[in-house]
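K.L.:
give me the fold of what follows.
(chains A, B and C)
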Amino acid sequence: MNNQPVDHVRAACRAAAGLASASLSKWLSRPVTITVEQVEAMPLEQAIGLLGEQEGTICGCAMGISGSLQGILVLLCDDDAGLALAAMLLGREPSADDEWGDLEQSAVVETTNIIGCAYLNAMADSTDSPIAAMPSPPWFLRDFAPAVMQSIVMAQPLTSETVFLTRTEFSIEGSPARCSLVFVPAPEPTAASGATE
Amino acid sequence: MNAPEASTTPSTPAATLTVPIGGLATARSPCCLRTFLGSCVGVALYDRRLHLGGLAHVVLPDSAGHGLPPGKYADTAVAALVSELEALAGSQPLRLTARLVGGAKMFAFQSGPAVGEQNVEALEKLLKQANIPLVARDCGGSKGRRMTLDVGSGQITIESVGQPHTFL
Amino acid sequence: MSETTTPKRLLVVDDALIMRAMIKDIATQAGWEIAGEATNGRECLERYRDLSPDLVTLDIVMPELDGVEALRQLRQDHPQAEVVMVSAIDQKEKLSECIRLGARDFIVKPFDRDHLRSLFQRYLG
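P.N.:
Residues are numbered from 1 along each chain as shown, chains lettered A, B, ... in the order given. Got it, this is the predicted structure:
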């Protein structure tokens, strides 16, 4: 991905984000809007603070991507958003008493699978030569936000002082829930260090 | 996020200073140094007699000559911590011990030698070379950690989500 | 005099609890009996052997053994096995591979409930 012209990468990521958004909307049976779109290289410290300076817990559901496109794809949200998402899928009103159980966790995991695959399907279609991009089964975790972000950006070997990533934030109609889909591609083996801006 | 500072000596009693990724901080009592660790490793150096402590948030095992910021790399972090603690100690000789925290592998699908393990190995080697005894550790696993070094007492508190606190 | 027909039996294979619940619900509404469930490809092969279902819905991205490999082995051991892939993967290569291996259909997630219900009704005949 690092060897592609920047405009091409941005266009591919934008198309992928659009399809992921459409997929999320269909999955939830309600409109979804993209509220943030980022495609950039940034210093490591900035990547760790991607979701703001919060030090509380966040939920992350990650898939390792392998094939001709490699990297890590993660759905990130706070507890309220994750439980609200689960409530929508389970056909009930969110409540302050909602807790993370197997079904709630499964709802977030499957959401990651569906919109993550939609993102990958679009990326796979975005170039002339066929790309195979296969995700691993999603892995759910709930942990301190800085620790989660560290593990996401450090899942790829650092070959430069910057981290290239894409981030799409989704807003769901009728809910304050926001979630972010972040893709950190693996650096190309022959990529030189330096930002792709 | 601000760039990590090379060292900070807060004057407010019992202040808690958060060390960001790749950062390091040293302090005299009373003060707490705190950091969040996923795959990264926190290395705490402490002198019980002088109540001086330092904490570095190590990201990678080897600076390969880059060196900045010093807290980011195992090789430069240990040297920088020692140097700053020596400055704080003045003419008094340091008797440091070390403790390591972090190096988790939070995603099961990560393959190959995890960077966390590599950081721990590199730090073990460097501490041995520097004749600093490694007296305790809480490394590995799959959970993130919030690590707090109380420079007054020397106690390290480790918090993980959904688990009771542990102490080193 | 009315005939009693033996209900057709479905094996649902998906690692996500919520997805298995959804598919079971739709299949039941369409008149299917749920023979069993599996959470990965390996369990799929074991359950098929034990249950001999009339139809299998099979996810692709699963731990231990993925759905494509499970499909390959299933069709090798049981050439008569009827399998419908239900997956979020929508890449031409994967679709072609599954059809080549003998999958009867490929439903892309997120699916339309009515579409899946119609498919189950169709396979009842």
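K.L.:
what about the strands in chain C?
P.N.:
C:9-13, C:33-38, C:55-58, C:83-87, C:105-108 (DSSP state E).
K.L.:
my bad, chain A
P.N.:
A:32-43, A:57-67, A:71-77, A:133-135, A:139-144, A:162-172, A:178-185.
K.L.:
quick one on the thing from earlier: reformat the strands of chain C as a markdown table; add distance to B:T26.
P.N.:
(Each C-beta comes from the backbone N, C-alpha and C, glycine too.) Conversion of the strands of chain C to a markdown table gives the following (distance: least, CB to CB, whole Å):
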| stretch | distance to B:T26 |
| --- | --- |
| strand C:9-13 | 56 |
| strand C:33-38 | 56 |
| strand C:55-58 | 58 |
| strand C:83-87 | 54 |
| strand C:105-108 | 56 |
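K.L.:
would you turn those into TSV with distance to chain A and mean neighbour count?
P.N.:
Formatted as TSV, these follow (distance: least, CB to the nearest CB, whole Å; neighbours: other CB atoms under 10 Å in any protein chain shown):
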stretch	distance to chain A	mean neighbour count
strand C:9-13	13	25
strand C:33-38	13	18
strand C:55-58	14	27
strand C:83-87	8	25
strand C:105-108	9	17
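K.L.:
wait, B:G144 touches B:L37, no?
P.N.:
Yes. Assessed by CB atoms under 8 Å, B:G144 is found in contact with B:L37 at 6.5 Å.
K.L.:
overlap in contacts, those two.
P.N.:
A:A147, A:Q150, B:A104 (CB atoms under 8 Å, 6 or more residues apart in numbering or on different chains).
K.L.:
skipping adjacent residues, who's closest to residue 145 in space?
P.N.:
Using chain A here. A:I58 (4.5 Å; CB to CB, 6 or more residues apart in numbering or on different chains).
K.L.:
oops, wrong one, chain B.
P.N.:
B:L37 (4.7 Å).
K.L.:
how about that neighbour, what does it touch?
P.N.:
B:L37 touches A:A147, A:Q150, B:H57, B:V101, B:G102, B:G103, B:A104, B:G144, B:R145, B:R146, B:M147, counting by CB under 8 Å, 6+ apart.
K.L.:
how far away is the first one from C:M19?
P.N.:
Separation of A:A147 from C:M19 (CB to CB, to the nearest Å) stands at 29 Å.
K.L.:
more neighbours, these two?
P.N.:
A:A147 (30 against 25; other CB atoms under 10 Å in any protein chain shown).
K.L.:
now that one: how far from B:R137?
P.N.:
Distance from A:A147 to B:R137, by CB to CB: 17 Å.
K.L.:
next: B:I158.
P.N.:
10 Å.
K.L.:
shared neighbours of those two, which are they?
P.N.:
Joint contacts of B:I158 and B:R137 (CB under 8 Å, 6+ apart) are B:V101, B:L168.
K.L.:
so is B:G53 in a helix, a strand, or just coil?
P.N.:
Of the three states, B:G53 takes strand according to DSSP: H, G, I helix; E, B strand; the rest coil.
K.L.:
what's it in contact with, if anything?
P.N.:
Counting by CB under 8 Å, 6+ apart, B:G53 touches B:T26, B:A27, B:C31, B:L33, B:A44, B:L45, B:Y46, B:D47, B:L85, B:L149, B:V151, B:G154.
K.L.:
which one of these is nearest chain C?
P.N.:
B:A44 (37.2 Å; CB to the nearest CB).
K.L.:
tell me what the helix or strand harbouring that closest one is packed against?
P.N.:
Using DSSP states H and E, B:A44 maps to strand B:41-47. Where contact means 3 or more CB pairs under 8 Å, 6 or more residues apart in numbering or on different chains; DSSP states H and E, strand B:41-47 is packed against strand B:52-58, helix B:74-89, strand B:97-102, helix B:115-129, strand B:145-150.
K.L.:
mean pLDDT for these - can I get that in TSV?
P.N.:
Below are the helices and strands packed on strand B:41-47 laid out as TSV (pLDDT from 0 to 100):
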stretch	mean pLDDT
strand B:52-58	97
helix B:74-89	96
strand B:97-102	98
helix B:115-129	93
strand B:145-150	98
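K.L.:
report the contact partners of B:D62.
P.N.:
Neighbours of B:D62 in contact, by CB under 8 Å, 6+ apart: B:Y73, B:A74, B:D75, B:A122.
K.L.:
farthest pair within those residues?
P.N.:
B:Y73 and B:A122 (8.6 Å; CB to CB).
K.L.:
quickly list what's touching both of the two.
P.N.:
With CB under 8 Å, 6+ apart as the test, B:Y73 and B:A122 both reach B:P61, B:D62.
K.L.:
more neighbours: which of these two?
P.N.:
Higher neighbour count among B:Y73 and B:A122: B:Y73, with 26 against 20, using other CB under 10 Å.
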